[in-house]
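Q: The following comprises the amino acid sequence and a computationally predicted model.
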Amino acid sequence: MKNPMLEAVSLLLEKLLLIYNFKLFSSGAPGEDKPRSGFHDMNSFHRGDVLEVPRTHLTHYGIYLGDNRVAHMMPDILLVLTDDKELTKKVVSNKRLILGVIGRVASIRVDTVDDFAYGAKVLVNHLDKSLKKKPFLNEVVARRAEKLVGIATYSLLWNNCEHFVTYCRFGTAVSPQADKFCEILKIIIRDERSVLASALVGLASIVCLGLASYTALPAIFIPFCLWIAG
């Protein structure tokens, strides 16, 4: 049985990460009327390569399958609303992506390099140096990606596009980007000013909304947890 406290903390962290990366979904997202780059040196891409495209705060990853095809994980709320493949195979729109993140539903899909890029420059990044892991052969990586194509559960912290490509390439699903966010959050929590700020916000909520369980409990519980964690 899952621990409800751990689930609540996990959900809170994911929502914080979603807010932190909101610009990622509000600008340069799929489905926007943004011109496609239309120029990518396909000769520099090899089947099984890890491709990346920069975003405002994050980097989006995919596995190149050859023949102008990229397998990548994309949140998409439309997957739970319809079985019409003609609709779901279209490039994921901005609203579909955001609601997919919130709804924790995604698909590992195959798109063209241009659709994967969203108008950004595509780079080859094997993540080998940063993760210091021995990768599989490129053909093995591509085949692992192809086997995973389909609907998947999505999580910004535990199962995102970076988890997908690292699992395909190294056999271990990790996300340095999510880990970095958690480290930043730890620094904030350990700062005594965070405790003071949360206490002041809690006190202000009690003054403005009155003394009630829904105001008093967070006002006491949140600063206490931050104090213990720090």
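A: Thanks, I have it. As the structure is a computational prediction, the values presented were derived from the model and not from experiment. Numbers count the residues shown, from 1 in each chain.
Q: Is it correct that residue 71 falls within a strand?
A: Yes: assessed by DSSP: H, G, I helix; E, B strand; the rest coil, residue 71 belongs to a strand.
Q: What is the neighbour count of it?
A: Residue 71 has 25 neighbours, counted by other Cβ atoms under 10 Å. The way it works is simple: take the backbone N, C-alpha and C, and place the C-beta from them, glycine included.
Q: shouldn't it be in contact with residue 63?
A: Yes: between residue 71 and residue 63 a contact is recorded at 4.7 Å, counting by Cβ atoms under 8 Å.
Q: hey, what's in contact with both of those two?
A: The overlap between the contact sets of residue 71 and residue 63 (Cβ atoms under 8 Å, 6 or more residues apart in numbering) consists of residue 145.
Q: wait, what's in contact with residue 138?
A: Shown in contact with residue 138 (Cβ under 8 Å, 6+ apart): 46, 47, 48, 49.
Q: Which among the residues you listed count as buried?
A: 47, 48, 49 (16 or more other Cβ atoms under 10 Å).
Q: mind giving me a markdown table with the residues you listed and columns for distance to residue 125, secondary structure and pLDDT?
A: What follows is the buried ones among the contacts of residue 138, written out as a markdown table (distance: Cβ to Cβ, whole Å; DSSP: H, G, I helix; E, B strand; the rest coil; pLDDT from 0 to 100):
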| residue | distance to residue 125 | secondary structure | pLDDT |
| --- | --- | --- | --- |
| 47 | 16 | coil | 96 |
| 48 | 13 | coil | 96 |
| 49 | 9 | coil | 95 |
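Q: Now distance to residue 142 too, for those, in JSON lines please.
A: Converted to JSON lines, the buried ones among the contacts of residue 138 look like this (distance: Cβ to Cβ, whole Å):
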{"residue": "47", "distance to residue 142": "5"}
{"residue": "48", "distance to residue 142": "4"}
{"residue": "49", "distance to residue 142": "9"}
